[in-house]
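Engineer: Generate a structure from the sequence data that follows.
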Amino acid sequence: MEIQSLNTAINNILDNLFSSYVENVNSISNLYDHIVCSVEYVLICRVLQETSFNKTAAAQVLGISRTTLSNKIAKYNILTDE
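Structural biologist: Have a look, this model is predicted:
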């Protein structure tokens, strides 16, 4: 997927999110943290699935250390084979 396609997909998701808050955008709090955590959770789960839950391979795909990946797995309570 090209970056532009990814940006378009993200923009569409945000359009849907903001349309549900059309009356008062100011009622949204911690939007940044919510979006980042949601994307991070889904991304980690998907990469783990694609790498057959091989943490070393998943960390390499994500561009983070295995320790960081393990910390994020614990943070989000992601179930693995261990």
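Engineer: Please work out the average pLDDT along stretch 51-69.
Structural biologist: Averaging pLDDT along stretch 51-69 yields 97.
Engineer: Touching it from outside, list them.
Structural biologist: 43-44, 47-48, 50, 70, 72-73, 80-81 (Cβ atoms under 8 Å, 6 or more residues apart in numbering). Any C-beta I mention is one placed from the backbone N, CA and C, and that applies to glycine too.
Engineer: which parts of the helix or strand containing Glu40 are buried?
Structural biologist: Here Glu40 is covered by helix 31-50, with elements defined by DSSP states H and E. For helix 31-50, burial by neighbour count (16 or more other Cβ atoms under 10 Å) applies to 44, 47-48.
Engineer: Export stretch 62-73 to CSV, keeping only CA atoms.
Structural biologist: Extracted C-alpha coordinates of stretch 62-73, given in CSV (Å, rounded to 0.1, in the frame of the first residue of the first chain):
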residue,chain,number,x,y,z
LEU,A,62,7.7,-2.9,13.1
GLY,A,63,11.2,-1.3,13.4
ILE,A,64,11.3,-1.6,17.2
SER,A,65,13.3,-3.7,19.6
ARG,A,66,11.9,-7.1,20.8
THR,A,67,11.9,-5.6,24.4
THR,A,68,9.8,-2.7,23.3
LEU,A,69,7.4,-5.1,21.5
SER,A,70,7.1,-7.3,24.6
ASN,A,71,6.3,-4.2,26.7
LYS,A,72,3.6,-3.1,24.2
ILE,A,73,2.2,-6.7,24.2
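Engineer: Show me how far it is from its chain's centre.
Structural biologist: Relative to its chain's centre, stretch 62-73 lies at 13 Å (Cα atoms, centre = their mean, to the nearest Å).
Engineer: Using CSV, write down the CA coordinates of the lowest-mean-pLDDT helix or strand in the chain.
Structural biologist: Lowest by mean pLDDT, DSSP states H and E among the helices and strands of the chain is helix 3-19, with a mean of 87. Extracted in CSV, the C-alpha atoms of helix 3-19 (Å, rounded to 0.1, in the frame of the first residue of the first chain):
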residue,chain,number,x,y,z
ILE,A,3,1.6,6.1,1.7
GLN,A,4,-1.0,8.2,-0.1
SER,A,5,-3.5,5.3,0.0
LEU,A,6,-2.8,4.9,3.7
ASN,A,7,-3.3,8.6,4.3
THR,A,8,-6.6,8.5,2.4
ALA,A,9,-7.8,5.5,4.5
ILE,A,10,-6.9,7.2,7.7
ASN,A,11,-8.5,10.5,6.6
ASN,A,12,-11.8,8.6,5.8
ILE,A,13,-11.7,7.0,9.3
LEU,A,14,-11.2,10.4,10.9
ASP,A,15,-14.0,11.9,8.8
ASN,A,16,-16.3,9.3,10.2
LEU,A,17,-15.1,9.9,13.7
PHE,A,18,-15.6,13.7,13.5
SER,A,19,-19.0,13.3,11.8
